[in-house]
Each structure stands twice: as C-alpha cells, then as structure tokens.
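Participant: need a structure here:
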Amino acid sequence: MPAQLITHPSFVDHDTGYGHPERPDRMRAIDKVLAHEMFKDVKRAEAPLREDVEERIGLAHPRTYIEAIKAARPAEGEDPVRLDPDTVLSSHSWEPALRAVGAGLDAVDQVMDPASGIRKAFCQVRPCGHHAETARAMGFCIFNNIAIAGLYARERHGAERIAVVDFDVHHGNGTQDIFWSDKDLFFASTHQMPLYPGTGAESERGAGNIVNAPLRPNDGGEQFRDAMRSRVLPALHNFSPDIVLISAGFDAHEADPLASLRLHEDDYAWVTGELCEAAEQSAKGRVVSMLEGGYDLAALARSVAVHVKTLMDAG
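Facilitator: You can find the predicted model right below:
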C-alpha cells in the first residue's frame, strides 16, 4: 500500500520573523528531499482548508481560545503578534494553522477508511502543534494538530483507543495536557530533560495513560532505543491502540542547534519501523505522523527522508 504525504504551499507563508528557528526554509528543505525519485510512489495531497476545521479544533481547545487566536491576528501589513515569547502569529499565519489541522484530519480519514488503500500518512506541516495546551499557545505551536487528529479519529471514525508517541527532543506538554485524564488516550514521549518546557518527568502519569521516558543531555541512539524498548513500546503494546499517531520531531538529531541529544537518521528509521510494527498488532497498521521540530535544515531533510521511506516500506 502506498504512503500518503499531505502538505501545502501555504505553510511557507507562516512568517515567524528573521532568525526564528521555526522558519519557512524547513518546508523547502523537506520539499527538496521528498522530490527525489525514491519517493515517486508516495501518494501526494494538499492539506485542505476544511469547512469543519474550527469545529474539529474544538475537540481539543475551547471555543474561547479559538476566538482569542482569531482576534489576535494582525491585519495585512501589521507587525506579527507574539502569543508567547517564542510563538508568532503573523498576518498570514491563520490559513497555515488551519491547514495544519486539516492535514491531520484528512490523514485520519485516509487511514481509517478501508477502501482508501492508505494505512500510513505523513503530514508535512507548520506551525507545529505538540506544545499547544488546552487553552495556551506556546513553543512555536498554536493548535495541537496531533491531539486534534487523535480526538477526531475517535469522534468521526469510532476509534476507541488513541495512541500518540512523541520523539521530539522537547516534551509534548500540550498533548499530555489534553490527554491527561482520559484513560483511553495514550501519550508517550522521549525527550531531553532538563530542557524546555520543563515537563515530562517519569512521575507524570495522568490517569495511568501517560508514559514519559526522559533522556539526559548528550544521550545518543543507544539510550534512545533503550528508552523505547524498556518503557514506551511495551506500554504501547499493552494499550492496544486502534490508531497510532506520531509527533515526529527531528530535533533530537546530533546536528540540531536547540538541544543536545545525539540521534542520527538510522535511529529515526528504527523507531519509525518499531511504531509501524506496533500498529500492525492492534491498529490494522494505521499510522498518522505529523511533523513537529527539527531545525538544522540538512539533518531535518535527511531524517524526514528516512522516516517517510520507512513508512512507505511498512505499507
């Protein structure tokens, strides 16, 4: 079965300003590598601007929060607004934010539909989402794309047990916040600690549905794989999800400027394969991956390439 790639040209229009690490060139770097002949069999689609998108955002965020973001948007020609010290809302950010959510919704529709022929999807989107809490934008994130996609799988498609696994170098505090008290929503994360946003201790367990496996600065692939094998993967198998969603951040790469883990491309290929195998056990192979961090352009492009290739090979 082919893998699905969902993205959109408007993602470069989200203007975070000069010197911001979460910049439009991230999309261009990924576009270039995924244009290679080896990805010719990937089924490509544009992230939609869905009529129901604000309703679906409401699965994870209260209406008052959505309206506050809308009200904060600067007009054309006005300076960008900072929702927090790191999170920028420019005059052209609203459409990309909605399309980033829409990409996750469409990916879920594809993998949950037996007639689609799609079981693996990668959403190449920005702004990223895993730091956005129930009613708080932070860490470059406006809406929590991955949490919304998971909750939509439950509401629209009847998936009863939703799993999100996050291997971004920064803890996905927003997804943890949204999933915290619901035992049918599973969240697991490997991340560097201490590091922004300061959450993600092993003791943070929610309703028994949260699994944090923090790594120390300068840990590499051996420690990452051990954390996955000893904590995350056994818990994921025990949870027996109906769909596996991945917060695919690639900023734990050795070359990344924002942290100090030492992962390489082969680590990302390995973990993608392990998560696809886990999805085969209970979720009929259904995997939706959404881009989060990754700020060294060359390392990001190479890491996304092996991630998508592994999704392709898993079928």
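
Participant: from the centre of this protein, point out the most distant residue.
Facilitator: residue 77 (30.4 Å; C-alpha atoms, centre = their mean).

Participant: and that residue, what are its phi and psi?
Facilitator: phi 90, psi -10 (degrees, to the nearest 10).

Participant: is it true that it touches residue 92?
Facilitator: No. Applying C-beta atoms under 8 Å as the test, residue 77 and residue 92 come out as separate, 11.0 Å apart. For glycine as for every other residue, the C-beta is placed from the backbone atoms N, C-alpha and C.

Participant: circling back: pLDDT at the residue farthest from the centre of the chain, what is it?
Facilitator: With respect to pLDDT, residue 77 scores 91.

Participant: can you give me the helices in this structure?
Facilitator: 25-34, 53-57, 63-72, 94-112, 145-157, 173-179, 221-227, 233-239, 265-282, 297-314 (DSSP state H).

Participant: out of these, which gets nearest to residue 138?
Facilitator: helix 173-179 (7.4 Å; C-beta to C-beta).

Participant: tell me the phi and psi of residue 18?
Facilitator: phi -60, psi 130.

Participant: so where is the stretch 151-300 of the chain shaky, pLDDT-wise?
Facilitator: Counting by pLDDT under 70, the stretch 151-300 of the chain shows no low-confidence range.

Participant: count of neighbours near residue 81?
Facilitator: 15 (other C-beta atoms under 10 Å).

Participant: what residues are bridge-paired with it?
Facilitator: residue 89 (DSSP bridges).

Participant: hang on, the earlier thing: show me the contacts for the residue farthest from the centre of the chain.
Facilitator: residue 91 (C-beta atoms under 8 Å, 6 or more residues apart in numbering).

Participant: returning to that earlier point: switch the helices of the chain over to TSV; also include distance to residue 88 and mean neighbour count.
Facilitator: Shown next, in TSV, are the helices of the chain (distance: least, C-beta to C-beta, whole Å; neighbours: other C-beta atoms under 10 Å):
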stretch	distance to residue 88	mean neighbour count
helix 25-34	14	18
helix 53-57	19	19
helix 63-72	11	13
helix 94-112	11	25
helix 145-157	17	25
helix 173-179	17	26
helix 221-227	30	17
helix 233-239	34	17
helix 265-282	27	19
helix 297-314	19	20
